[in-house]
Every structure is written in C-alpha cells, then in structure tokens.
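Asker: here is my input, please return the structure:
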Amino acid sequence: MPKLKRAADTDNRSATDFVESLDRGLRVLEIFGGIRHPMTLSDLAKAAELPRATARRILFTLERAGFVATDGKLFRLTPRVLVLASSYLASSHVVSVLQPALDRLSSEAQEISSMAILDGNDVVFIARASPTRIFSSGIDIGYRLPAFCTSVGRVLLSRLADDELAAALDRTELAPLTPFTVTDRKLVLKTIIADRAQGYSLVDREAEPGFRSVSVPVRRYDGAIIAAINMGAHVDRVSAEEMVEKFLPRLREAAASVKSMLV
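Answerer: Here you go, the predicted model:
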C-alpha cells in the first residue's frame with residue numbers, strides 16, 4: 001500500500017500542537033484500509049512502522065471505542081468506522097451538489113459515473129452512480145488510485161501550473177498498474193498539459209486492465225477545479241472514439257450544470 005502523505009509531514013505549526021498518539025491511531029486505521037483482510041498485531045505494527053507495544057495499546061483503544069474487533073489473534077475493522085466516512089460525505093457540499101447530477105448522467109448514458117478528489121499523490125472516489133443493469137465492483141466510495149495514471153487524476157493535476165506539475169510528478173512514484181501504464185515522467189507531464197488544453201482526459205487501460213474512462217473537471221463558481229467526474233466502460237463494449245463522442249458531452253453538461261452552485 002502506498003504511504004499516505006500526512007498533514008503533519010508538511011505543516012509548519014508548532015510541534016506542541018501535534019498529538020502523536022492520535023496520529024499513530026489514525027495511521028493504524030489507514031493500514032486496515034489498504035489491506036483488505038484481518039491482520040495480526042505483529043503485521044499491523046510492522047505495516048504502521050510502530051513498536052509492537054504501541055500498536056497493541058492503539059488496537060486496544062480502538063477496540064474499546066468500537067472501531068476494531070478481534071478474536072484474540074486477528075484484528076479487523078467494524079462497521080462503526082463508516083461513521084467517519086459518512087460524516088465527511090454528509091458535510092461535503094460538492095458531494096451533495098454532484099450526486100443528483102451523477103445519478104442523471106448514469107441513468108441517461110446507462111454507464112457507471114464517479115466523482116473523485118485529489119489527496120496527495122492519489123485520487124479518492126467520493127461519489128458514484130451506476131445504472132441498475134450494471135453490476136460493478138472495485139471502484140467504491142473511498143477507493144484510491146494513483147493520480148498520474150487515471151483520467152480523474154490527470155484532470156485534477158492539470159489545475160497545477162507547469163512547474164508545480166513537474167515538481168509533483170517528481171515526488172510521485174510512477175509504478176505501473178497494468179502493462180499499458182505510462183511511467184515516463186516527461187510523457188506523463190506532456191499528456192496532462194495536453195489534457196488541460198483540451199479540457200478532458202481519456203485514459204485507456206492504464207489504471208485497470210480492460211477498462212477505459214474519460215473525465216472532465218468540476219469547477220466551482222470562480223472557475224477553480226475542485227473535483228473531477230468520469231464515465232468508464234470495459235474496452236470490449238465501448239471504444240475510445242465512443243467515449244469522446246458519446247460520454248464527453250454528457251460529462252461536460254453535468255459539470256457545467258452545477259458550477260454556479262459550488263462555492
């Protein structure tokens with residue numbers, strides 16, 4: 001699992017404002033999110049880069065709070081952790097505004113549509129819609145993918161100036177997810193700059209095998225990019241040309257319809 005960039009790593013506030021025990025507890029919760037099976041105390045301590053005794057105290061605290069359960073050997077998250085995610089989604093203005101637009105978009109096009117935001121070097125999907133005829137798995141709310149090789153990620157990265165974008169890519173590990181993932185930094189930079197100019201990004205099998213998607217930026221009232229929405233389909237069903245001809249106009253219309261409501 002890629003190591004998440006934490007605010008404490010870059011924040012200039014006084015060290016006296018930093019609660020290390022809370023930071024460590026959150027780190028343990030993040031580990032559970034990246035490894036989708038119950039874990040032993042030793043495995044969690046190693047993954048979180050914490051002493052075993054420290055990890056044990058954190059897990060005991062999380063268990064007492066109802067966020068973690070154990071059979072005495074293996075630890076797993078409980079449904080109570082969804083409270084943390086639901087609190088964010090309930091308070092997110094962009095989700096409440098975009099969800100109806102995503103629902104209409106998905107229903108009209110009869111394809112999956114999603115919304116993502118940038119979080120460090122990753123994108124996080126925070127809303128989605130799916131027509132009833134399609135069974136989908138994998139891209140759920142909270143799902144993370146590297147920004148550099150996803151259509152939503154490239155749209156979000158395009159809001160950076162060229163020098164900032166180059167610096168961001170230099171700090172990013174461009175690890176391939178499929179045989180089609182572009183990992184040449186200069187080519188990725190050139191592609192994102194081109195996507196910025198055309199106002200959308202089309203990614204073909206770079207992030208997921210057999211899957212292509214097209215994305216557009218979601219802009220607030222002043223033109224700033226705050227999210228990205230996409231539509232995707234399996235390569236056997238929808239060609240790249242159809243993505244642009246059929247889905248792109250709908251995506252642009254959906255994004256434009258909410259611009260004045262986003263502040």
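Asker: all helices for the stretch 51-200 of the chain, in order.
Answerer: Per DSSP state H, counting those that start in this stretch, the stretch 51-200 of the chain carries helices over the ranges 52-65, 82-91, 93-109, 151-157, 162-170, 185-198.
Asker: any idea which of those is most buried?
Answerer: Greatest average neighbour count among the helices of the stretch 51-200 of the chain goes to helix 151-157 (a mean of 28), per mean count of other C-beta atoms under 10 Å. For glycine as for every other residue, the C-beta is placed from the backbone atoms N, C-alpha and C.
Asker: residues of stretch 117-136 that come out buried?
Answerer: Of all the residues in stretch 117-136, those buried under the rule 16 or more other C-beta atoms under 10 Å are 117-118, 120-130.
Asker: okay, that stretch in CSV with CA atoms only?
Answerer: Listed next in CSV are the C-alpha coordinates belonging to stretch 117-136 (Å, rounded to 0.1, in the frame of the first residue of the first chain):
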residue,chain,number,x,y,z
ILE,A,117,-10.9,14.5,-5.5
LEU,A,118,-7.1,14.8,-5.1
ASP,A,119,-5.5,13.6,-1.9
GLY,A,120,-1.7,13.8,-2.1
ASN,A,121,-0.5,11.7,-5.0
ASP,A,122,-3.8,9.7,-5.1
VAL,A,123,-7.3,10.3,-6.2
VAL,A,124,-10.1,9.3,-3.8
PHE,A,125,-13.6,8.4,-5.2
ILE,A,126,-16.2,10.2,-3.1
ALA,A,127,-19.4,9.7,-5.1
ARG,A,128,-20.6,7.3,-7.8
ALA,A,129,-23.7,6.3,-9.7
SER,A,130,-24.5,3.1,-11.5
PRO,A,131,-27.4,2.0,-13.7
THR,A,132,-29.3,-0.9,-12.4
ARG,A,133,-28.4,-3.1,-15.3
ILE,A,134,-24.7,-3.0,-14.5
PHE,A,135,-23.2,-4.9,-11.6
SER,A,136,-20.0,-3.2,-10.6
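Asker: report the distance from that stretch to the chain centre.
Answerer: How far stretch 117-136 lies from its chain's middle: 8 Å, per C-alpha atoms, centre = their mean, to the nearest Å.
Asker: what is the nearest of the buried residues of stretch 117-136 to Glu20?
Answerer: Glu20 lies nearest to Gly120 out of the buried residues of stretch 117-136, by C-beta to C-beta, at 20.4 Å.
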